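Q: One predicted model, sequence on top.
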Amino acid sequence: MLEVSIVFIASLVLAWPLGRYMAGVYSGQAHFSDRLFLPVENVLYRLFGVNAARGMDWKSCGVAFLLANLALGIIAFLLMLFQHKLPLNPDGIGPMSWDLALHTAVSFLTNTNQQHYSGQAQLTYLSQSFVIVTLQIVTPAMALAVCVAVLRGTRGGRNSDTANEGEARDLGNFYVDITRSVTRVMIPLGMVVALVLASQGVPSTYDGAQTSTVLDPAAETRKQTIPVGPVAAMVAVKQLGTNGGGWYGPNSSNPLENPTPLSNAVETISIFLLPMAVVFMAGFMLMRRRFTWMSLAAMSVLSISCIGAIVYSELQPNAAFNGLAAAGANMEGKEVRFGPEMSALWATATTQTSNGSVNAMHDSLNPVGGLITRAGMLVSGIWGGVGCGFVNFIVYVWIAVFLAGLMIGRTPEIFGRKIEAREITLLGALIVLPTLCILVLTAITVAFPSLTGNSNPGFHGISQVFYEYTSAFANNGSGFEGLGDDTPWWNLTCVLALILGRYLPLVIPLAIAGSLARKRVSPQGAGSLKLENATFCVTLVFVILILNFLSFLPSAVLGPVGEAVQLAQPQ
């Protein structure tokens, strides 16, 4: 547990100065980073015709977000569909099928990176470098820009001092925020992490696949072809941007993506870093440091509880070894060089943050481990993805404010702005959305075995299907695997889950923030609900748990809970 504790604490320590830096980047005030980055950004604004001085209300931000995604999605789809006719293809890789190209484009466009393909075998260097890596930089930057707009709306907008009640509020310029996210956050951090990974032996080249002679002279195969490429850059940005899509099919369990204990620690810290930094950034932007500590406490309680449970679970024997002398920690599907503790930490981190990368196979986790990983995705607010995670957390805060206000007879308001019928209606849609999407798609797929393509019967087979749709909706991308998921059914239904799980949970909170920003600020008094204390923090944690418990308990019983009970029965 010492390694686990060091990585978690290091992530928090590094996140504080990064969050403070990011708050300065988005403050709209002069910042020390302007001297280096502003000349480059001004060139980009002129190139794309962006008026950096023009503010946007929530509708303009939402439209800009959706249109930018549509344009990028079409370009990505076409490039992968015709990759075999384009340059940077030294290994002669062919085209993707239209449904796989669509799924891959939407998956990376939504910052999910769910892979129904094997990267080293089915994507060219052009597709990997200029489609996959580009989207892994831009899509978290887009969510970060939306998060910044939501935070500004929660404070009343940039023109709160001059705007009248009911007047549209300035939530910033989406294009400026996304540009700053790319130039001042994603690229500098990515360069540092890529250099560290390259120093550990992660490939960083545009040469074609390497051919090596196998060590065993008695082996039937004398030569081995090893795909390489600019892997370090992609791995760095996949971890930092809570992207998760690997260069290689086995992701970061492959020694070329993750060769040493140091690379494993750096990649794990990178998963946590930006989502934690956004929590600190929010406190600086809202000018409410105590709100940051309350948020940090709520997330940390949930996060550490999940980490402790999964580490304990993976230190228990695998049920397949019951009665054998070789009983020990569950090492099925794990790399010996990482062991059960660091594998369990990664599994929790990657599902708490919507990262989705893996250094062990989640399908091989003990049932409690499987339950914890999918719980992290269903909550989507324990750190969460870059930008979108804190937006999801704010949604839980709004719901908790409303419920707490009803229970104690106080006005449900956040920072002096009342949460009323319009906001509650939109929040209700967000509560119901994941239940409808995930459970309906799971039920249909399980009902028709010819569509399912899963490798296990019974409880574990249901878990495989449920996990895949949960991963798509939560924009996570990890999988239980064991599924024949490169089929039109899986590709197209996952596209539906990807779209619903990305755009509505970002646009609806943006609309709520825009609505709250227009309202008159009520003075804080004895009747105001206190958000920045231990009582509200405990209330918030229980609201998060109860909402997800009520929504997904039956599916848990049919999945990991049922599997655990079944394995506990004497054979």
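A: Cool, the structure landed. Numbers count the residues shown, from 1 in each chain.

Q: can you map out the strands along this structure?
A: Applying DSSP state E to the chain gives strands spanning 210-213, 223-226, 413-414, 417-418.

Q: by contact count, what packs against the first one?
A: In terms of contact count using 3 or more CB pairs under 8 Å, 6 or more residues apart in numbering; DSSP states H and E, strand 210-213 is assigned the packing partners strand 223-226. Every C-beta, even on glycine, is put in place using the N, C-alpha and C of the backbone.

Q: check contacts around the residue lying closest to V150 once chain neighbours are set aside.
A: Spatial nearest neighbour of V150, chain neighbours left out: A513 (4.4 Å); criterion: CB to CB, 6 or more residues apart in numbering. Contacts for A513 were tallied using CB atoms under 8 Å, 6 or more residues apart in numbering; they are 58, 149-154, 171.

Q: Run through this structure and note the low-pLDDT ranges.
A: 119-120, 219, 323-326, 525-528, 570-571 (pLDDT under 70).

Q: Identify whichever of the strands of the chain lies nearest to S97.
A: strand 223-226 (23.7 Å; CB to CB).

Q: Now do the buried residues in the closest one.
A: Under the neighbour-count criterion of 16 or more other CB atoms under 10 Å, strand 223-226 has nothing buried.

Q: Ok, stretch 416-436 next?
A: Using 16+ other CB under 10 Å as the test for burial, stretch 416-436 gives 417-419, 423, 426-427, 430, 433-435.

Q: And for stretch 481-488?
A: 481-483, 485-487.

Q: Check stretch 216-235 too.
A: Within stretch 216-235, the residues scored as buried using 16+ other CB under 10 Å are 227-235.

Q: Using a markdown table, lay out these together with distance to I9.
A: Shown next, in a markdown table, are the buried residues of stretch 216-235 (distance: CB to CB, whole Å):
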| residue | distance to I9 |
| --- | --- |
| P227 | 36 |
| V228 | 35 |
| G229 | 34 |
| P230 | 32 |
| V231 | 29 |
| A232 | 26 |
| A233 | 28 |
| M234 | 28 |
| V235 | 23 |
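
Q: Determine which two of the residues you listed are furthest apart.
A: Farthest pair in the buried residues of stretch 216-235, by CB to CB: P227 and A233, 15.5 Å.

Q: Pull the contacting residues for the residue nearest to the spatial centre of the chain.
A: Centroid-nearest residue in the chain, with CA atoms, centre = their mean: S354, separated by 2.3 Å. Counting by CB under 8 Å, 6+ apart, S354 touches 111-112, 242, 377, 380, 384-385, 388-389, 474-477.

Q: how about 10 Å then?
A: 111-113, 140, 143, 242-244, 271, 275, 376-377, 380, 382-386, 388-389, 392, 471, 474-478, 501 (CB atoms under 10 Å, 6 or more residues apart in numbering).

Q: Same check on L553?
A: By CB under 10 Å, 6+ apart, L553 lies in contact with V561.

Q: Would you quantify the distance from it to L47?
A: 52 Å (CB to CB, to the nearest Å).

Q: who's in contact with the closest residue to S127 other than its chain neighbours?
A: Using CB to CB, 6+ apart and skipping residues adjacent in sequence, the residue nearest S127 is Q83, 4.8 Å away. Contact partners of Q83, counting by CB under 10 Å, 6+ apart, are 89, 93-96, 101, 122-128, 131.

Q: Same question for K530.
A: 290, 294, 404, 410, 524, 536.

Q: One more pass at 8 Å, please.
A: Residues near K530 by CB under 8 Å, 6+ apart: F536.

Q: before we move on, back to that, can I get the strands of the chain in a markdown table including distance to A309?
A: What follows is the strands of the chain, written out as a markdown table (distance: least, CB to CB, whole Å):
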| stretch | distance to A309 |
| --- | --- |
| strand 210-213 | 42 |
| strand 223-226 | 38 |
| strand 413-414 | 31 |
| strand 417-418 | 37 |
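
Q: Out of those strands, which gets nearest to S253?
A: Closest to S253 of the strands of the chain is strand 223-226 (CB to CB; 16.0 Å).

Q: just checking, what packs against that closest one?
A: Strand 223-226 packs on strand 210-213, going by 3+ CB pairs under 8 Å, 6+ apart.

Q: strands paired with the strand it packs on, and their directions?
A: Paired strands of strand 210-213, with direction, are strand 223-226 (antiparallel) (DSSP bridges).

Q: And for the partner strand, what's in contact with it?
A: Contacts with strand 223-226, where a contact means CB under 8 Å, 6+ apart, come from 209-214, 256.

Q: out of those residues, which are buried?
A: L256.

Q: need the contacts of strand 223-226 in a markdown table with distance to Y396, can you?
A: Output for the contacts of strand 223-226, formatted as a markdown table (distance: CB to CB, whole Å):
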| residue | distance to Y396 |
| --- | --- |
| A209 | 47 |
| Q210 | 48 |
| T211 | 53 |
| S212 | 51 |
| T213 | 56 |
| V214 | 53 |
| L256 | 39 |
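
Q: What is the nearest of the contacts of strand 223-226 to A23?
A: Nearest member of the contacts of strand 223-226 to A23, counting by CB to CB, is L256, at 37.0 Å.

Q: Isn't the closest one up against T205?
A: No. With contact defined as CB atoms under 8 Å, L256 does not reach T205; the gap is 11.5 Å.

Q: what's the overlap in contacts for those two?
A: V228.

Q: ok, back up a step: distance of the residue nearest to S127 from L123?
A: 7 Å.

Q: Would you mind listing the residues touching both of the two?
A: By CB under 8 Å, 6+ apart, Q83 and L123 have these common neighbours: I93.

Q: got the buried residues for stretch 444-461?
A: Neighbour-count burial for stretch 444-461, counted by 16+ other CB under 10 Å, picks out 445-446, 451-454, 459-461.

Q: Let's have those in TSV, adding distance to M299.
A: Formatted as TSV, the buried residues of stretch 444-461 follow (distance: CB to CB, whole Å):
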residue	distance to M299
T445	32
V446	33
L451	37
T452	35
G453	36
N454	33
F459	30
H460	30
G461	33
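
Q: and which of the residues you listed is nearest D363?
A: The shortest approach to D363 among the buried residues of stretch 444-461 belongs to H460, at 8.2 Å (CB to CB).

Q: give me the number of residues near E257?
A: Using other CB atoms under 10 Å, E257 has 25 other residues around it.

Q: Right, I'll call it a day here.
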